[in-house]
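Engineer: give me a model of this one.
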Amino acid sequence: MRARSALVYALLRLLAFFVPFGIMMLFPVLREQYWLAAIFAALIGLSLSMLFLRRPLDDVSMGIAERREARRRADSDEAVEDAFRDEDAASDGTVR
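Structural biologist: Residues are numbered from 1 along each chain as shown. As a prediction, this is how the structure comes out:
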């Protein structure tokens, strides 16, 4: 996973929440009921991120998938070495 893509995605998600929250805090009614402004900002931020942040999310998801695949390949190298050692032991007739 690229740290830059994860950082960009996290910052954009935070902006998608704090910009609507800041705008709503300008209204006197929502300033008194800040929890309601936070709920509305969360819903607006979620909607904005679903609509406009698809590409950064795909970059982060792709990075995570590549990292998991690399780890899986590293694990399978050990299995290949074990199988090779077992074949070698079977052809020698010895048990290790």
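Engineer: packing partners for whichever strand or helix holds residue 12?
Structural biologist: The secondary structure element spanning residue 12 is helix 3-24 (assigned by DSSP states H and E). Using 3 or more CB pairs under 8 Å, 6 or more residues apart in numbering; DSSP states H and E as the contact criterion, the secondary-structure elements in contact with helix 3-24 are helix 34-52, helix 54-92. All C-beta spots, glycine's among them, are computed from the backbone N, C-alpha and C.
Engineer: give me the pLDDT for residue 1.
Structural biologist: Note for residue 1: predicted pLDDT of 53.
Engineer: residue 38: what's it in contact with?
Structural biologist: Shown here is residue 38, whose contacts under the criterion CB atoms under 8 Å, 6 or more residues apart in numbering are residue 21.
Engineer: which residues of the chain score low on pLDDT?
Structural biologist: Along the chain, segments meeting pLDDT under 70 span 1-2, 74-80, 88, 91-96.
Engineer: quick revisit: so can I have TSV of the helices and strands packed on helix 3-24 showing distance to residue 27?
Structural biologist: Below are the helices and strands packed on helix 3-24 laid out as TSV (distance: least, CB to CB, whole Å):
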stretch	distance to residue 27
helix 34-52	8
helix 54-92	30
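Engineer: which of these sits closest to residue 12?
Structural biologist: Across those, residue 12 has its closest neighbour in helix 54-92 (6.1 Å, CB to CB).
Engineer: give the buried residues for that closest one.
Structural biologist: 56, 59-60, 63 (16 or more other CB atoms under 10 Å).
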